[in-house]
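Engineer: Kindly return the folded structure for what I paste below:
(2 chains)
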There are 2 protein chains.
Amino acid sequence: MNFVVKVIGRVESSLQRREDAPKQGEEGAPLAVLVFEPEMQEALRDIRVGDPLILITWLDRADRTILSVHPRDDRARPKRGVFSTRSQDRPNPLGLHRVTVVSLLAPGRLQVSDLEALDQTPIVDVKAALPGRTE
Amino acid sequence: MNFVVKVIGRVESSLQRREDAPKQGEEGAPLAVLVFEPEMQEALRDIRVGDPLILITWLDRADRTILSVHPRDDRARPKRGVFSTRSQDRPNPLGLHRVTVVSLLAPGRLQVSDLEALDQTPIVDVKAALPGRTE
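Structural biologist: I've put the predicted structure just below:
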């Protein structure tokens, strides 16, 4: 049994290629813009500058058939099952990113820091980051 | 544009109804069992007792048409756009849970603590929880 995940927006970023992107957002990611579909306006209405958010993306350039990987693409490290890693290659390539809102550029356009996702990556969900919580 | 998310397993829990479930896992959730599809074995192979994991579920009893909610179902609190909350009602009802592996019951069956998801909730992804990281 399967479900359909709707694309509710896209990432705009200067990161164009997988090999250019940092492995995690705090490892030197540039500012990026989240561009949402117009019908998401009501869901976005309480987001403010400075809010920490959990962004969930669909990593559309990942390989969904891969079940084990060398961590951080380092071939010197033994392969691990992908569920013990943060590899983007996995059966459902969901990307999990903690970002901070830097500015509200226009309705449905949020500038954020610490996002390692590539340009045009689909956005599928946004959640409040809970204080003191680790996910 | 949309994507198909595959159900890779199910939650087994004593929580049967949405009104019985705690809002967050650390608010008194019972032990639960994650039961994976047999073809996920390779992806699971490095998971050990004690591992902290990020579990992503598909909250199949949520309402995908809802864009604003009273936080924590408290009608005394003003409505907020769902992207500033952890409501399960949202356009793509992805559940984000930090759990700890308590025991390995059998191949593809992991007992975990701190999971507030209802019985039979579909599982869509599992990731390593990164030390010191907040998602």
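
Engineer: How about the contacts made by the residue of chain A most remote from its centre?
Structural biologist: Residue farthest from the centre of chain A, counting by Cα atoms, centre = their mean, is A:Ala76 at 26.8 Å. Residues near A:Ala76 by Cβ atoms under 8 Å, 6 or more residues apart in numbering or on different chains: A:His70. To be clear about C-beta, it is placed using only N, CA and C from the backbone, and glycine gets the same treatment.

Engineer: quick one: it from B:Met40, how far?
Structural biologist: Applying Cβ to Cβ, to the nearest Å, one obtains 26 Å for the distance of A:Ala76 from B:Met40.

Engineer: quick one: the helices in chain A?
Structural biologist: Listed in chain order, the helices of chain A (DSSP state H) span residues A:41-44.

Engineer: low pLDDT regions in it?
Structural biologist: Applying pLDDT under 70 to chain A flags residues A:25-27, A:131-135.

Engineer: From A:Ile47, how far off is the nearest residue to A:Ser103 once chain neighbours are set aside?
Structural biologist: Nearest residue to A:Ser103 in three dimensions, chain neighbours excluded: A:Gln111, at 4.5 Å (Cβ to Cβ, 6 or more residues apart in numbering or on different chains). Counting by Cβ to Cβ, the gap from A:Gln111 to A:Ile47 is 12 Å.

Engineer: okay, and the common contacts of the two?
Structural biologist: Joint contacts of A:Gln111 and A:Ile47 (Cβ under 8 Å, 6+ apart) are A:101, A:104.

Engineer: thinking again about what came up before, pull the contacting residues for the residue nearest to A:Ser103.
Structural biologist: Contacts of A:Gln111 (Cβ under 8 Å, 6+ apart): A:31-34, A:101-105.

Engineer: Just the buried ones among the residues you listed, please.
Structural biologist: By neighbour count, with 16 or more other Cβ atoms under 10 Å in any protein chain shown, these hold A:32-34, A:101-102 as buried.

Engineer: Filter the residues you listed down to just the ones in strands.
Structural biologist: Under the assignment DSSP state E, the buried ones among the contacts of A:Gln111 contribute A:32-34, A:101-102 to strands.

Engineer: Could you pull out the strands in chain A for me?
Structural biologist: Under DSSP E, chain A gives strands at A:2-6, A:9-12, A:32-36, A:52-58, A:68-69, A:80-81, A:94-106, A:109-113, A:122-128.

Engineer: Run a quick check on A:Ala64 versus A:Leu94, I expect a contact.
Structural biologist: Ala isn't right for residue A:64; it's Arg. No. The pair A:Arg64 / A:Leu94 is not scored as a contact, 11.0 Å apart, by Cβ atoms under 8 Å.
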